[in-house]
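> Here is my input; please provide its structure:
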Amino acid sequence: MSTGNMRPDGPGADTAEATGRQTAVVVGGGLAGTTAALALADAGLDVTLLEGRPRLGGLAFSFKRGDLTIDNGQHVYLRCCAAYRWFLDRIDGAALSPLQERLDVPVLDADRNRLGRLRRTALPVPLHLAASLATYPHLSLAERANVGRAALALKGLDLGDPALDERDFGSWLAEHGQSRRAVEALWDLVGVATLNAVAGESSLGLAAMVFKTGLLSEPGAADIGWARVPLGELHDTLARKALDSAGVRTELRTRVTSISRTENGRWSMEVPGERIAADTVVLAVPQRETYDLLPDGALDDAERLLAIGTAPILNLHVVYDRKVLKRPFFTALGSPVQWVFDRTEASGLTEGQYLAVSQSAAQDEIDEPVAVLRERYLPEFERLLPAARGAKVHDFFVTRERTATFAPAPGVGALRPAARTNAPGLYLAGAWTATGWPATMEGAVRSGVSAADAALAALDRPRGHLFREAA
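So this is what the prediction gives:
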């Protein structure tokens, strides 16, 4: 592909000749692309970030609804998410998305009208959860003992064993004495929210990674953090400020339509009206878009990208005329409701209360009409929250992410590509790549770190200090 149409003074300028610095283009402004762009810029490259949307943030973003600022869905991270915590520090956003002092998850059984808590102490692993498990009211004494034995067996699994990826987590739990109630009240309570799939549809390898890292590594590994401001303030506003300070040229509403090698061995990206050249390219877009943009031969079997399934997340948003939930969040059993968060202050609501409900693995409901969902869920909120029974609903609306994550099905590990491709100077990023993590904000940032690391190694460039901290 010719580069003759490239503007000499725009984002497509050949800055390598003008500045003597190596150039990089990152395609995609989600967490993976933003991370890669920051890391490459910190290492001294001239970086251009191209994003087709009018904002950064990918699938973790905010929008306006009247006077309120709404997140498309509730996103959380854990203390063990070292890369995402680095990202927050890098964009000066850590104070706006704090962690719990200690893990404490209220679990409300709707059928029995009973509240339990999953929380930790400062004791070493696995004793840090022993007291909570011993008094967890949603399981029998025998079920609690069996959970402890299964946790020890899980801790002994080798995450590097590829055979784990071929098995499903649900059958492994059954083999280790876990009742249907234990799966619902504990394993799926955590697993569905982190993997976006029930145990029977999840890779044992990914599930083991989640539980070993989050619950069985360090006492505080599973402490939960979430943004106390709209996600757009972090992933768009502060991220763009950090990119600007790092010297990254960020071009929004700029969709790349093709990528090819130039005669001199560099890369050329076609966008509407021009072509942009670079020494290095990081593709940080979803797997199907990556497949469409990849040059022939860049992967040995590019078709496998199309075999990586996707899974939806449904988000319900309810605005009441009064406060109906005293806690910042809770999760439910015996109810279709999964995790509920109070987003009142973050949204800018000054009267009443705004609750956001995150429904993972929502294949059966993702296309349901709003009226049907309202009729199904408002009575559930009244059943779970007595204070909601006399409250007026000012607003009820839905946001849908039909391809929110890759599906963590058995065998998916063999389909996920590494950051490095067969084409020199071309790298892949995205939570769906081979990070070892499920499709989380942590996985996205780690993928950006890996892509930038591979690119800098090929260029024989040192990595920046903060970038080393995230690896």
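
> from here on, contacts and neighbour counts on C-alpha atoms
Noted.

> Could you identify the longest helix within the protein?
Longest helix of the chain, by residue count under DSSP state H: helix 441-459.

> What is that helix packed up against?
helix 31-42, helix 82-90, strand 280-283, strand 426-428, helix 465-470 (3 or more Cα pairs under 8 Å, 6 or more residues apart in numbering; DSSP states H and E).

> got the angle for it vs helix 31-42?
Between the direction of helix 441-459 and that of helix 31-42, the angle (axes from the mean of the first three to the mean of the last three Cα atoms, to 10 degrees) works out to 40 degrees.

> Could you provide the helices and strands packed on helix 441-459 in a markdown table, with additional columns for mean pLDDT and mean neighbour count?
Putting the helices and strands packed on helix 441-459 into a markdown table (pLDDT from 0 to 100; neighbours: other Cα atoms under 10 Å) gives the following:
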| stretch | mean pLDDT | mean neighbour count |
| --- | --- | --- |
| helix 31-42 | 98 | 31 |
| helix 82-90 | 98 | 21 |
| strand 280-283 | 98 | 26 |
| strand 426-428 | 98 | 27 |
| helix 465-470 | 47 | 14 |
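
> Would you mind giving these as CSV with distance to residue 379 added?
Shown next, in CSV, are the helices and strands packed on helix 441-459 (distance: least, Cα to Cα, whole Å):
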stretch, distance to residue 379
helix 31-42, 36
helix 82-90, 37
strand 280-283, 45
strand 426-428, 45
helix 465-470, 44
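
> wait, which of those is closest to residue 21?
When the helices and strands packed on helix 441-459 are compared for distance to residue 21 using Cα to Cα, the nearest one is helix 31-42, at 10.8 Å.

> How far off centre is whichever helix or strand comes after that closest one?
Sequence-wise, the next helix or strand downstream of helix 31-42 (DSSP states H and E) is strand 46-50. Distance of strand 46-50 from its chain centroid, counting by Cα atoms, centre = their mean, to the nearest Å, is 23 Å.

> Alpha carbons of strand 46-50, as CSV, please.
Only the C-alpha atoms of strand 46-50 are listed here, as CSV (Å, rounded to 0.1, in the frame of the first residue of the first chain):
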residue,chain,number,x,y,z
ASP,A,46,6.7,8.9,19.3
VAL,A,47,3.2,7.5,19.8
THR,A,48,-0.1,8.1,18.0
LEU,A,49,-3.3,6.6,19.5
LEU,A,50,-6.2,6.1,17.1
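
> residues contacting the residue nearest the centre of the chain?
Nearest to the mean C-alpha position of the chain, counting by Cα atoms, centre = their mean, stands residue 440 at 2.4 Å. With Cα atoms under 8 Å, 6 or more residues apart in numbering as the criterion, the residues that contact residue 440 are 194, 405, 431.

> That one and residue 431, how far apart?
To residue 431, residue 440 is 7 Å away according to Cα to Cα, to the nearest Å.

> Verify the contact between residue 298 and residue 423 for me.
Yes - with contacts counted by Cα atoms under 8 Å, residue 298 reaches residue 423, the gap being 5.1 Å.

> Which parts of the stretch 51-200 of the chain are helices?
In the stretch 51-200 of the chain, the helices defined using DSSP state H, counting those that start in this stretch lie at 82-90, 130-134, 141-155, 163-166, 169-175, 180-182, 188-195.

> Tell me which of those sits nearest to residue 51.
With Cα to Cα, the closest approach to residue 51 among those belongs to helix 82-90: 18.7 Å.

> Next, the angle from that closest one to helix 441-459.
When the same axes, to 10 degrees is applied, the directions of helix 82-90 and helix 441-459 differ by 80 degrees.

> Quick check: buried residues in stretch 265-275?
By neighbour count on 16 or more other Cα atoms under 10 Å, the buried set for stretch 265-275 is 266-271, 275.

> no no, stretch 97-115
Neighbour-count burial for stretch 97-115, with 16+ other Cα under 10 Å as criterion, is recorded at 97-99, 102-110, 115.

> could you give the mean pLDDT of the longest helix of the chain?
Confidence over helix 441-459, taken as the mean pLDDT, stands at 97.

> ranges for the helices of the stretch 201-350 of the chain?
Under the criterion DSSP H, counting those that start in this stretch, helices of the stretch 201-350 of the chain are mapped to 204-215, 231-232, 239-246, 287-293, 344-347.
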